[in-house]
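>>> below are the sequence and a predicted model; questions follow.
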Amino acid sequence: MLVNEDAGTRLRMRVTPAAELAVRHGHPWIYGDKVRQQNRRGETGEITVIYDRQDRFLGLGLYDKESAIRLRMLHVGRPVKVDAAWWRQKLEETVAKRDGIFSPDTTGYRLINGENDGWPALILDRYADTLVLKIYAALWLPHLADIESLLRTVLAPRTIVLRLSRNLISLASRDYGVEEDFLGEPGDDVVVFQENGLYFTSEVRFGQKTGFFLDQRENRERVEHLSAGCTVLNAFSFSGGFSLYAARGGARRVTDVDISAHALASAQENFQLNAGDPRVAAVEHESIQADAFDWMAEAVQSGRSGPRFGLIVTDPPSLAKRETEREGATLAYERLAVSAFKLLEPGGTVVSASCSAHVSARDFQQAVRRAATSVFGQSWEELWTAGHAADHPISFREGEYLKALAIRGG
Ligand code: SAH
């Protein structure tokens, strides 16, 4: 059970002064080398109480012997009894943070954003009446039955899908007999939901992330408002999120470029789903399967005769999976932006996005601004910058990954 044990047997820990301070200020992770003292060996998933230097309760978290991050915090502050009622209240409070953010024509959004919402290494996305639970650390694996029953009690979904981060799949199967699957009654592998009135499919069982990139919703709306009358290039288009918004915003033509034939096919399917919208039905939609870096560089090379666009969106996958790749990734963003600026019609706009957590918003934005200056000199204008949406809150530096900016060229 996911509850505090008796005081006698409870797993207790003391950590270094620096770690204590970090936790007090809301940092959710304690690395193994910051643990000073522990009353006994812990099991993965055990609730663990941290005491401070004065032996006062500091907080509690979930123990993980599999990970360098030994403890992930669930609660900091006054002592609490962790029981079924506590979990239920925690979930209700997390979900209530989304109240009033979305109108009824948005049925896909994030309900729990991991550490940032006090649920370490756990993501919960809603797509209509399906919930996708994605787990990023082993510490939840012993508790899946409790989590499932909690989700059913509070949220009453029709279907729950369990997804695991790639590094957990074999461990989950070997040590816990847990596989990526439906929890309870099986449902559909692909779910249709709405985002701002547009219909999309999410491949909840086998797609990237939880099947769709919910984090770009607000940027897609911004793109809709920039699209009227434009020829649009959506580079790294995935299932066509930006493309559909551009079409509804009055784009004349939309070109999707993605390396994955499957992603391009799902974008076409999403265009079909929205054929009832006259602007979507009217747009000329083209799909190109290619490496978008190469395709854009070649389009630049082909010079005057090559394609030109009034609006270009670039949203590549993470280019820095680790800190050592940060500089290379920043350069890659700059080069990509140079290509995009060179492919613009006069007065056209580039929307650049980055989901690399290791590249800061500041470094990313400066790279794109350098690219604009190298192509246009001083004659460009920054329209907006954007970060995380309200259903993807951030509470600590490592939780921040998404940034975007829009620049209109000369
Ligand atoms: N903008 C999308 C999400 C993009 S995810 C949305 O709003 O939903 C990144 C996409 O880049 C994936 O579809 C992946 O297939 C594609 N991709 C990865 N490497 C690529 C490359 N070198 N060239 C083109 N597409 C690539």
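That came through fine. Residues are numbered from 1 along each chain as shown.
>>> going forward, measure contacts and count neighbours with C-alpha atoms only.
OK.
>>> which strand is the longest one in this structure?
Selection of the longest strand in the chain by residue count, based on DSSP state E, yields strand 344-354.
>>> which residues touch it?
223, 226, 308-318, 337, 340-341, 364, 368, 401-410 (CA atoms under 8 Å, 6 or more residues apart in numbering).
>>> if you count neighbours, what's buried in it?
Buried residues in strand 344-354, counted by 16 or more other CA atoms under 10 Å: Leu344, Glu345, Gly348, Thr349, Val350, Val351, Ser352, Ala353, Ser354.
>>> okay, and which of the contacts of strand 344-354 map to helices?
Val223, Ala337, Ala340, Phe341, Phe364, Val368 (DSSP state H).
>>> the spatially most central residue of the chain in helix, strand or coil?
In the chain, the C-alpha nearest the mean C-alpha coordinate belongs to Asp215, at 5.3 Å (CA atoms, centre = their mean). Following DSSP: H, G, I helix; E, B strand; the rest coil, we place Asp215 in the helix state.
>>> shift numbering so it begins at 548
Fine by me, first position is 548 from now on; the one you just mentioned is Asp762.
>>> pretty sure it contacts Gly934?
No. Using CA atoms under 8 Å as the test, Asp762 is too far from Gly934 to be in contact (9.6 Å).
>>> give me the common contacts of those two.
With CA under 8 Å, 6+ apart, Asp762 and Gly934 have common neighbours Leu949.
>>> what's the closest of the ones in helices among the contacts of strand 891-901 to Ser712?
Phe911 (26.2 Å; CA to CA).
>>> residues contacting the residue in the stretch 848-957 of the chain that the ligand sits nearest to?
Closest contact between the stretch 848-957 of the chain and the ligand, by CA to the nearest ligand atom, is at Pro864 (4.3 Å). Residues near Pro864 by CA under 8 Å, 6+ apart: Phe783, Ser901, Cys902, Ser903.
>>> can you rerun that using 7 Å?
Contact partners of Pro864, counting by CA atoms under 7 Å, 6 or more residues apart in numbering, are Cys902.
>>> ok, Asp722 - how many residues close by?
11 (other CA atoms under 10 Å).
>>> where does pLDDT dip in the stretch 798-947 of the chain?
Judged by pLDDT under 70, the stretch 798-947 of the chain has no weakly predicted residues.
>>> so Ala569 sits in a helix?
Yes. Counting by three-state DSSP, Ala569 is found in a helix.
>>> quick one: it from the ligand, how far?
Distance of Ala569 to the ligand, computed by CA to the nearest ligand atom, to the nearest Å: 33 Å.
>>> what about that residue, distance to Gly731?
According to CA to CA, to the nearest Å, Ala569 and Gly731 sit 39 Å apart.
>>> what about the helices in this protein?
564-571, 631-643, 691-702, 716-723, 764-771, 788-795, 808-820, 825-829, 839-848, 873-889, 908-923.
>>> tell me the most buried of those?
helix 788-795 (a mean of 28; mean count of other CA atoms under 10 Å).
>>> now for that one, which elements pack on it?
Helices and strands touching helix 788-795, by 3 or more CA pairs under 7 Å, 6 or more residues apart in numbering; DSSP states H and E, are helix 764-771, helix 825-829.
>>> got the residues of the stretch 748-897 of the chain near the ligand?
The interface of the stretch 748-897 of the chain toward the ligand, taken as CA under 6 Å from any ligand atom, is made up of 760, 763, 783-786, 788-789, 805-807, 810, 837-840, 862-864.
>>> kindly recompute the last result at 5 Å.
760, 783-785, 788, 805-807, 838-839, 862-864 (CA under 5 Å from any ligand atom).
>>> what sits closest to Ser807 if chain neighbours are left out?
Of all residues not flanking Ser807 in the chain, Gln836 sits nearest, at 6.5 Å (CA to CA, 6 or more residues apart in numbering).
>>> close enough to count as contact, that neighbour and Asp805?
Yes. With contact defined as CA atoms under 7 Å, Gln836 reaches Asp805; the gap is 5.3 Å.
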